[in-house]
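**Q** I'll drop the sequence and a predicted model, then ask my questions.
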Amino acid sequence: MSDLCWLLNRGYAIRSAVELVGNRRSLTSRQRMAITRCACTNEESRRREARRIEPDRLRGEELWLDGFSE
């Protein structure tokens with residue numbers, strides 16, 4: 001996945017980058033989908049980290065999850 005993130009940080013489009021990395025690593029379509037959903041640029045990684053909530057803050061709270069997201 002680090003290869004994919006490296007390409008995204010350099011401005012490659014996600015589809016092209018996934019195809020390049022997927023072909024290089026002989027990934028299945030399922031594996032390509034998985035890395036597409038979790039790989040991101042350094043900037044996006046910082047944004048994700050800023051929105052992160054520690055599990056202890058949720059203790060005793062009701063938590064709703066969207067299980068339908070694509």
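**A** Good, I have the coordinates. Numbers count the residues shown, from 1 in each chain.
**Q** element containing the residue found closest to residue 39 once you drop the neighbours it is linked to in the chain?
**A** Residue nearest to residue 39 in three dimensions, not counting chain neighbours: residue 4, with 4.2 Å by CB to CB, 6 or more residues apart in numbering. Just so you know, the C-beta spots here come from the backbone N, C-alpha and C atoms, and that holds for glycine as well. Residue 4 belongs to helix 2-9 when assigned by DSSP states H and E.
**Q** count of neighbours near residue 45?
**A** 13 (other CB atoms under 10 Å).
**Q** got it, and residue 58?
**A** Residue 58 has 10 nearby residues by other CB under 10 Å.
**Q** cool, and the one 5 residues further on?
**A** Number of residues near residue 63 (other CB under 10 Å) recorded here: 7.
**Q** quick one: contacts for it?
**A** Going by CB atoms under 8 Å, 6 or more residues apart in numbering, residue 63 touches no other residue.
**Q** Relative to residue 53, how far out is it?
**A** 10 Å (CB to CB, to the nearest Å).
**Q** count of neighbours near residue 57?
**A** Using other CB under 10 Å, residue 57 has 8 neighbouring residues.
**Q** which residues of the chain fall in helices?
**A** For the chain, the helices defined by DSSP state H cover 2-9, 14-25, 29-38, 42-51, 55-58.
**Q** follow-up on the earlier one: show me the contacts for the residue nearest to residue 39.
**A** Going by CB under 8 Å, 6+ apart, residue 4 touches 17-18, 21, 35, 39.
**Q** farthest-separated two in these?
**A** 17 and 35 (9.5 Å; CB to CB).
**Q** Look at these two and report which has more neighbours.
**A** A direct count of neighbours by other CB under 10 Å for residue 17 and residue 35 places residue 17 higher, at 22 against 19.
**Q** who are the neighbours in contact with the residue with the largest distance to the centre of the chain?
**A** Largest separation from the mean C-alpha position in the chain: residue 60, at 28.4 Å (CA atoms, centre = their mean). By CB under 8 Å, 6+ apart, no residues touch residue 60.
**Q** Which residue lies nearest the spatial centre of this protein?
**A** By CA atoms, centre = their mean, the chain has its centre lying nearest to residue 38, at 1.6 Å.
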